[in-house]
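Participant: give the three-dimensional model of this entry:
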Amino acid sequence: MKSVGQVIKGWDEGLQGLCKGAKAKLIIPSEFGYGEVGAGGKIPGGATLNFDVEVVDITDPPARPPTPNVFKMIDTDEDNKLSVAEIEAYFKGMDKEMPEGLMESEDKDGDGFVSWEEFSGPKGDSPGGDEL
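Facilitator: Numbering: from 1, shown residues only. Here you go, the predicted model:
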């Protein structure tokens, strides 16, 4: 069980290993709570925190959205390489100019195209998409 940094460290550590229905008393020293700063006017700095807790439910964290395959979005002719025209069209679609020097930095082998391997943007696991 992990809160992904949404609560104080004492809660993250104190709830580890507890199952649904478990009850526990958490005594959290200030270094695992709000430290010497405290929390607003309610919890003074250096405070030891005491909680009686009961785990009423455990859920999985929300799934992260998949990383977009920008390479595939730019590769409009689906030849698994990006031409200057395709890259310019992509930026034009966002009402932007292609950044100066982009082609030179991305086209590592100097063939005039950016291959999937050369592309440094979000691209998934394979040139044609995420399926292998």
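
Participant: pLDDT weak spots in the protein?
Facilitator: 1-5, 127-132 (pLDDT under 70).

Participant: which parts of the longest helix along it are buried?
Facilitator: Identified as the longest helix of the chain according to DSSP state H is helix 84-92. Within helix 84-92, the residues that count as buried by 16 or more other Cβ atoms under 10 Å are 86-88, 90. Just so you know, the C-beta spots here come from the backbone N, C-alpha and C atoms, and that holds for glycine as well.

Participant: distance from that helix to the middle of the chain?
Facilitator: Centre-to-centre, helix 84-92 and its host chain are 27 Å apart (Cα atoms, centre = their mean, to the nearest Å).

Participant: list the buried residues for the helix or strand that it is followed by?
Facilitator: Along the chain past helix 84-92, the next helix or strand (assigned with DSSP states H and E) turns out to be helix 102-106. In terms of neighbour count (16+ other Cβ under 10 Å), helix 102-106 has its buried residues at 102-103, 106.

Participant: quick one: which of these is nearest residue 42?
Facilitator: Residue 42 has its nearest neighbour among the buried residues of helix 102-106 in residue 102, at 50.7 Å by Cβ to Cβ.

Participant: which strand or helix spans residue 11?
Facilitator: Per DSSP H and E: helix 9-14 holds residue 11.
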